[in-house]
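Chemist: Provided below are the primary sequence and the corresponding predicted coordinates.
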Amino acid sequence: VSWHRPATLQQLLELKAQHPGARLVVGNTEVGIEMKFKDMRYPVLIAPTHVKEMNEIRVTDEGVEVGAAVTLTRLMKFLKEQIASRPATATSTFAAVVNQLRWFAGNQIRNVSAIGGNIVTGSPISDLNPIWMAAGATFTALGLNTGERRVKASEFFLGYRQVDLQPHELLYKVLIPFTRPHEYVKEFKQSPRREDDIAIVNAGMRVRLRQDAGGVWVVDE
């Protein structure tokens, strides 16, 4: 097994183009299990932990843009800050993500695992992927010489552990949109134990309400 830790985004993209079958690892919470317990073999592993762009979180006009290598603990902390400083009408999705992360594995796992790994794994038991789809999140794929490609979360998951990424591409960033007035996003998780357990059922839900001509509130979306 060869382990690569690029220092720049260009180096990362070049490595992924040279080794299209390589797996990207941050916390190694998924690939490590596959290699140890499922006898999977990945000759090339790439760690984007030192690539600045993959670890950035920034606020845009649309919402919060998160680099795919950002850990779940950092994401949770940043979203809590946004919830505290912005109107509740804009942060319903953020609240749903924070509430779901509260029961996502344990502190040790959240401290090292990345948002991108949880998405790209494409697992049907992911605690967050249903929220991304319901909330209208957008994923940005990036490849050497092909540039950025935006994909709706609802269209990114193609099947069981299958996602819309070309072999040379990687998940670059995630846009978590602000909610609008009268728009609500909610999370749900049912598991055998409340803490640190795999879900039996996961869900992400979104509704937007409006008043009709008679002043009655109806479901708009």
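Modeler: On my side now, so go ahead.

Chemist: pLDDT averaged over the longest helix along the chain - what is it?
Modeler: When the chain is scanned for its longest helix (criterion: DSSP state H), the result is helix 72-85. Taken as a whole, helix 72-85 has a mean pLDDT of 97.

Chemist: How far away from the center of its chain is stretch 199-212?
Modeler: 18 Å (Cα atoms, centre = their mean, to the nearest Å).

Chemist: Please apply the same query to stretch 148-162.
Modeler: For stretch 148-162, the distance to the chain centre is 11 Å (Cα atoms, centre = their mean).

Chemist: picking that back up, identify the residues contacting the longest helix of the chain?
Modeler: 57, 59, 64, 66, 91, 94-95, 97-98, 101, 104, 107, 109-111, 113-115, 118, 176 (Cβ atoms under 8 Å, 6 or more residues apart in numbering). The C-beta positions use only the backbone N, C-alpha and C, and glycine is treated the same way.

Chemist: Pull out the buried residues from that helix.
Modeler: 72-76, 78-80, 82-83 (16 or more other Cβ atoms under 10 Å).

Chemist: low pLDDT regions in this structure?
Modeler: 194, 196 (pLDDT under 70).

Chemist: switch to 80 and redo it
Modeler: Counting by pLDDT under 80, the chain shows low-confidence ranges at 29-30, 32-33, 36-37, 192-198.

Chemist: And the strands in it?
Modeler: 2-4, 23-24, 44-46, 57-59, 63-67, 138-143, 147-152, 157-159, 162-163, 169-177, 183-190, 201-211, 217-219 (DSSP state E).

Chemist: which other helices and strands contact the fourth one?
Modeler: Right, the one you point to is strand 57-59. strand 63-67, helix 72-85 (3 or more Cβ pairs under 8 Å, 6 or more residues apart in numbering; DSSP states H and E).

Chemist: returning to what we had before: right, so of the strands of the chain, which gets closest to residue 129?
Modeler: The closest approach between residue 129 and any of the strands of the chain, judged by Cβ to Cβ, belongs to strand 157-159 at 6.8 Å.
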